[in-house]
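Novice: The sequence and its predicted three-dimensional model are supplied below.
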Amino acid sequence: MKAGALEAAGFLRRAGRSSGGERDDLLLIAKSVVAAMAAWMLAHHVLPPAVVTFAPFTALVVLQTTLYRSVRDCAQYLLAMAAGAVLAATLAATAGLHSWTFGLLTLIALALGRVRRLGEHGTQIAIVGIFAFSSGHGRIDYIGHLVASVAIGAICGLVAHLLLPPARHVRHRQEAVAELYTGIQRRVASLADAFEASSPDADQVRQWRREWRWLSAGADRIEHSIDTETENSRLNPRRSFDGAAQALPRAREAVTAAQRCLDHLRSITRTLDHAVDSGRLEAVPAVFRSSYASLLRTTATAMKHIGQTTRTDSDQLDEALEVAAAELDRAQQQPPEAQPAVLTLQGTLLTDAARLMADLREGRQALSPTT
């Protein structure tokens, strides 16, 4: 009980302190309460008690996290409701009220509810149909009142969203991408320093592996938030800053590039983990260590240009990629080590670095139309 109260207090404190997910959730809850109350009061005054419940329920169905999703769900719900009402009225008028017609109605409604365009609201065909058939006996007047109740709820929900549209968070998404790349850069630099100076120990390498996994999970969450914000921009009357329409696709491409880079960085540290366990890492020549560390640092510089909040400077990014490519060539041209196991280790590390470079170039091509 106490833990729940503390969690609720923390939620309210975060919502009041800054804009973000907590404040959006709080505003959505407030709009839902107001819209449901308004729908219930209006329906209670003008409609029979048997259908009043549909008004606040529809208002809650309509109020989704984005205005686009609200309009979409409203349309799907209204279509499902209309289909269920028409089905109940048709069966009641043509076949009468019997147990077998009730079963037939349920069967047809469930089959129609599988139509993909109705989304998750397909089940409402059966729900509304059963209400209209059993409570309203398929009468036109009951169905008319039910339709009116649903319409009241839909209007109240949409009006609440239009009066206080969801906030736009384009800059927050850009900043999240920049923070992701900053975290990657910092850890790549740490990896380069440790690899060049001495052999990393097992604990250090495994710590990097845990951090790559943590960053990968963060990249997935950022990708989802960007997709949500892209949807939030549709039909939203709130204006954002100039260039916001191009900023979200660019942020999406940057996150995709980061996810691919993280895959290769995880592969590099996995290789180092095996090399530490086998003792082969200590046999790697210092000249290769230095070249490979320089390659990692120049790769991090290229990532910096991709992950920044402002538009990427194509010339600077191309220059960083060229330097990284030169560092890769230099690392590949080091005198071969006599031990085959060390040669295999160096080749594996260089292969991962080459793949990392290839994905950075691909990210550059994806970002070039909007940079």
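Specialist: Nice, thanks for sending it over.
Novice: the helices in the stretch 1-150 of the chain, which residues?
Specialist: 2-17, 21-46, 49-52, 54-62, 67-95, 99-112, 124-130, 140-163 (DSSP state H, counting those that start in this stretch).
Novice: can you give me the mean pLDDT across the first one?
Specialist: Helix 2-17 shows a mean pLDDT of 51 in the predicted model.
Novice: can you list the weak-confidence ranges in the chain?
Specialist: 1-21, 313, 334-338, 366-371 (pLDDT under 70).
Novice: let's go with 80 and repeat that
Specialist: Confidence mapping of the chain against pLDDT under 80 gives the ranges 1-23, 135-138, 197-201, 240-245, 279, 281-283, 307-318, 331-341, 363-371.
Novice: which helix is the longest one in this protein?
Specialist: helix 244-278 (DSSP state H).
Novice: what about the spatially most central residue of the chain, which helix or strand?
Specialist: Nearest residue to the geometric centre of the chain (Cα atoms, centre = their mean): residue 224, 0.9 Å. Here residue 224, judged by DSSP states H and E, is contained in helix 202-232.
Novice: relative to helix 21-46, how tilted is that helix?
Specialist: Orientation of helix 202-232 against helix 21-46 (axes from the mean of the first three to the mean of the last three Cα atoms, to 10 degrees) gives an angle of 30 degrees.
Novice: Any buried residues in helix 202-232, and which?
Specialist: 204-205, 208-209, 211-212, 215-216, 218-219, 222-223, 225-226, 228-232 (16 or more other Cβ atoms under 10 Å). To be clear about C-beta, it is placed using only N, CA and C from the backbone, and glycine gets the same treatment.
Novice: The closest residue to residue 283 other than its chain neighbours: neighbour count?
Specialist: Among residues not flanking residue 283 along the chain, residue 342 sits closest, at 4.9 Å (Cβ to Cβ, 6 or more residues apart in numbering). A count of nearby residues for residue 342, using other Cβ atoms under 10 Å, gives 19.
Novice: Check which helices and strands the strand or helix carrying residue 342 sits against.
Specialist: Element membership for residue 342, per DSSP H and E: helix 340-367. Helix 340-367 is packed against helix 244-278, helix 286-307, helix 314-332, with contacts defined by 3 or more Cβ pairs under 8 Å, 6 or more residues apart in numbering; DSSP states H and E.
Novice: can you redo the ones you listed as CSV with mean neighbour count?
Specialist: Formatted as CSV, the helices and strands packed on helix 340-367 follow (neighbours: other Cβ atoms under 10 Å):
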stretch, mean neighbour count
helix 244-278, 20
helix 286-307, 21
helix 314-332, 17
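Novice: Can I get those helices in JSON lines including distance to residue 94?
Specialist: Formatted as JSON lines, the helices and strands packed on helix 340-367 follow (distance: least, Cβ to Cβ, whole Å):
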{"stretch": "helix 244-278", "distance to residue 94": "52"}
{"stretch": "helix 286-307", "distance to residue 94": "64"}
{"stretch": "helix 314-332", "distance to residue 94": "68"}
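Novice: Around the spatially closest residue to residue 87 that is not a sequence neighbour, how many other residues sit close by?
Specialist: Leaving aside its sequence neighbours, residue 87 sits nearest to residue 129 (Cβ to Cβ, 6+ apart; 5.0 Å). When neighbours are defined as other Cβ under 10 Å, residue 129 has 29 of them.
Novice: residue contacts, residue 129?
Specialist: 83, 84, 85, 87, 88, 105, 106, 109 (Cβ atoms under 8 Å, 6 or more residues apart in numbering).
Novice: In PyMOL, how would I select the buried members of those?
Specialist: Here is the PyMOL command that selects only those of these that count as buried (16+ other Cβ under 10 Å):
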select buried, resi 83+84+85+87+88+105+106+109
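Novice: Taking the contacts of residue 129 together, which two end up most distant?
Specialist: 85 and 106 (14.7 Å; Cβ to Cβ).
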